[in-house]
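S.K.: Fold the following.
(one chain, ligands or ions: 1)
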Amino acid sequence: EALSRVAEVDVKGGWKIGDSVPYAALTKTFSLIEATTKRLEKTALLTSFFLLVIQRSKKDDSNSLLQSVYLCINRLSPDYVGVELGIGESLLIKAISESTGRSLATIKADLKKEGDLGLVAMNSKNSQKTLFKPKPLTVPFVFSNLREIALSSGHSSQAKKVSIITKLLAACQDFEAKYIVRSLEGKLRIGNAERTVLVALAHAAVLAKEHAGKRWSKEKLSSRLEEGASIMKSVYSELPTYELVIPALLTHGLSRLRTHCKLTPGVPLKPMLAKPTKAIGEVLDRFEGRQFTCEYKYDGERAQVHMLEDGSVSVFSRNSEDMKAKYPDLVEQLPRCIMEKTKSFVLDAEAVAIDKTSGKLMPFQELSKRKRKDVKVEDIQVKVCLFAFDLIYLNGEPLLQKSLSERRELLREHFQIVPGEFDFAKASDGSTTDEIQAFLEESVKDGCEGLMVKMLESDASYYEPSRRSVNWLKLKKDYLAGVGDSLDLVVVGGYYGKGKRTKVYGAFLLACFDADAEEYQTICKIGTGFSEEMLQTHWDTLRPLEITKPRGDIKPGGAKPDVWFEPKIVWEVLAADLSLSPVYTAAQGLVEERGISLRFPRFIRIRDDKSADDATGPEQISEMYERQVLAQSKGGKKSKGD
Ligand code: ATP
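M.R.: Numbers count the residues shown, from 1 in each chain. So this is what the prediction gives:
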């Protein structure tokens with residue numbers, strides 16, 4: 001299909017070998033991708049575009065493909081470098097007005113009608129009569145201007161940003177203004193998940209480099225495409241940076257990519273995550289007959305600590321953000337915890353707040369009081385201790401494909417306990433219900449959230465980056481009370497309060513995030529669990545995020561809040577149970593046509609370590625719903641039998 005759609009993605013005339021990639025070709029691809037909901041078609045279109053980029057780039061040019069990929073996922077650097085877009089609505093309206101001569105009021109009125117500033121910009125441009133055809137935009141030109149906008153700071157930066165955006169918009173033709181504005185807003189909204197980009201990259205590389213000129217059978221081609229996509233996904237999960245993967249792909253090809261792209265200290269991995277379980281019995285069912293281990297589930301912040309051969313240390317968050325500025329104390333403590341033979345490593349750990357005098361563990365809230373930047377060691381009130389639970393790289397060698405028991409042994413041999421600064425996650429290998437129950441109670445008494453239960457031996461215990469794996473189970477104290485797992489949801493709307501609460505929002509509309517469709521699906525209205533003080537805090541944070549209409553990537557269903565918000569803030573929420581709903585859109589079509597909603601949702605805390613894209617996804621919600629139905633039917637049968 002990709003080969004047959006190349007002509008649609010191409011631009012007429014002006015794109016010869018060695019030319020800069022025309023931005024028009026990219027935006028044409030975007031508009032075709034946006035027009036279909038079929039994942040395979042989206043992949044094929046993107047493959048066609050990447051294929052053209054590869055075929056028309058000069059031999060040593062990997063930048064064309066790199067920048068094209070970045071624009072497809074709307075990023076300008078690897079996550080850990082953190083060059084981010086997310087320009088506010090008012091600044092963009094100003095630039096659209098300046099470049100098209102339309103008044104601010106007209107643009108705002110259009111926005112209210114359309115709900116998509118990209119569309120408004122495109123229509124404004126296309127209704128404008130121009131005497132001269134502007135010089136066509138190219139991918140490197142757009143990319144470098146977007147970077148300049150993202151990097152400009154300081155007091156005159158607003159004016160500078162408006163001026164660059166105005167200049168870019170003035171040169172836009174056809175669909176270009178729509179996607180430039182959406183890029184600037186921070187979301188392309190074409191349903192282009194990163195997984196699609198990886199598969200399309202692999203397919204384009206196979207078609208361009210391996211298949212070119214050869215007469216492969218359909219079967220051979222399809223198996224090479226499948227194999228290529230799986231190589232690409234596994235390489236990227238070990239080394240999630242296009243800056244290294246793309247040049248290696250172009251130079252060495254897919255078949256040798258694994259040899260050239262391996263886990264590298266300094267490049268953070270997306271961490272392995274766990275599946276929830278509701279009862280100890282469920283853990284035993286899942287891990288039946290196999291060796292597993294239980295560890296304390298510490299209530300802190302995930303910290304992936306890297307040390308390079310030169311001794312430099314980085315600390316990354318769960319989202320691969322650089323946390324050195326937040327945890328200078330961790331960086332300073334680290335050298336005391338390693339042995340002489342430890343030269344380079346990647347450590348998976350939890351940073352936990354501890355009481356300075358008693359050494360007792362303190363809850364996550366204590367850590368979240370810390371500033372995110374410019375923390376000075378001498379000003380630190382809350383001490384942090386690192387609890388290490390995994391070692392994924394040591395002295396030049398990735399350990400992903402060693403069993404957990406081997407990794408754990410290496411961890412203990414190469415690091416040492418420093419009271420109040422570094423310790424190994426407390427573990428117990430007891431495997432009966434009574435032993436697990438006792439260890440769980442002990443963990444809660446010690447200030448933890450519960451237990452993590454992990455496979456210990458064989459390939460089932462390998463470290464799986466970026467996976468929510470069945471080989472790691474979490475057993476929280478809350479589940480045992482029958483409440484179920486908490487969800488991390490995005491606040492997308494607000495309802496004005498009544499009575500005493502009229503000057504704040506009294507309730508909120510929450511949504512989950514579907515990473516494949518790139519959309520926020522509404523799930524419930526929440527009005528419980530808030531103190532007056534907290535409502536005031538939420539008002540202060542959310543009021544600046546108010547927008548006139550639900551953004552195009554919010555799927556509201558029948559929800560009608562008084563105001564809508566930019567989807568940015570994530571809350572952890574607990575609910576009594578889940579139910580099918582004709583109003584909300586979460587997980588629609590996964591279990592049934594109707595969506596799924598939360599009954600009696602209760603606010604637990606703000607999750608400022610998660611971005612909106614890390615919110616709970618529809619698959620997790622449908623899984624939870626199905627488990628609940630299963631549990632109810634089991635429970636039902638039992639009581640009948642009784
Ligand atoms: P949660 O709200 O449960 O923290 P999450 O989505 O952040 O959800 P989960 O996979 O559900 O992540 O739970 C794993 C998290 O628990 C890890 O990200 C880590 O921060 C924390 N954790 C604490 N102790 C451990 C441990 N011993 N092993 C693994 N993770 C641990």
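S.K.: Which parts of the stretch 201-350 of the chain are helices?
M.R.: 218-238, 242-252, 257-260, 280-286, 328-333 (DSSP state H, counting those that start in this stretch).
S.K.: Which residues of the stretch 251-400 of the chain lie near the ligand?
M.R.: Contact residues, the stretch 251-400 of the chain versus the ligand (C-beta under 6 Å from any ligand atom): 271, 273-274, 295-298, 302, 318, 350, 389. Quick note: C-beta positions are derived from backbone N, CA and C, even for glycine.
S.K.: Among those residues, name the buried ones.
M.R.: Neighbour counting with 16 or more other C-beta atoms under 10 Å marks 271, 274, 295-298, 302, 318, 350, 389 as buried within these.
S.K.: isn't E148 right next to S163, touching?
M.R.: No. Contact between E148 and S163 fails when scored by C-beta atoms under 8 Å: they sit 10.5 Å apart.
S.K.: related to what we said a few turns ago, which ones among the buried ones among the residues of the stretch 251-400 of the chain next to the ligand are found in strands?
M.R.: Secondary structure from DSSP state E places 274, 295-297, 302, 350, 389 of those in strands.
S.K.: quick one: which of those is nearest L473?
M.R.: Closest to L473 out of those is A274 (5.9 Å), distances taken as C-beta to C-beta.
S.K.: quick one, what contacts the closest one?
M.R.: Going by C-beta atoms under 8 Å, 6 or more residues apart in numbering, A274 touches 452, 468-469, 472-474.
S.K.: which residues does it bridge with?
M.R.: For A274, the beta-bridge partners are S469 (DSSP bridges).
S.K.: And the pLDDT at it?
M.R.: On pLDDT, A274 comes in at 95.
S.K.: what does the one 5 residues further on give?
M.R.: Note for A279: predicted pLDDT of 82.
S.K.: where's it relative to the ligand, distance?
M.R.: 17 Å (C-beta to the nearest ligand atom, to the nearest Å).
S.K.: next one: K369
M.R.: Taking C-beta to the nearest ligand atom, one finds K369 at 18 Å from the ligand.
S.K.: before we move on, the earlier item: confidence-wise, which of the buried ones among the residues of the stretch 251-400 of the chain next to the ligand comes last?
M.R.: Among those, R318 has the lowest pLDDT, at 92.
S.K.: M455 is in contact with F287, correct?
M.R.: Yes. The pair F287 / M455 is scored as a contact, 6.8 Å apart, by C-beta under 8 Å.
S.K.: before we move on, back to that, name the member of the contacts of A274 with the most neighbours.
M.R.: M452 (23 neighbours; other C-beta atoms under 10 Å).
S.K.: The ligand contacts on the protein?
M.R.: With C-beta under 6 Å from any ligand atom as the criterion, the chain meets the ligand at residues 271, 273-274, 295-298, 302, 318, 350, 389, 425, 452, 474.
S.K.: Look at V384 and give its secondary structure.
M.R.: At V384 the chain is in strand, as set by DSSP: H, G, I helix; E, B strand; the rest coil.
S.K.: Format the helices of the stretch 201-350 of the chain as JSON lines; extra columns: mean neighbour count.
M.R.: Formatted as JSON lines, those follow (neighbours: other C-beta atoms under 10 Å):
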{"stretch": "helix 218-238", "mean neighbour count": "17"}
{"stretch": "helix 242-252", "mean neighbour count": "19"}
{"stretch": "helix 257-260", "mean neighbour count": "15"}
{"stretch": "helix 280-286", "mean neighbour count": "16"}
{"stretch": "helix 328-333", "mean neighbour count": "18"}
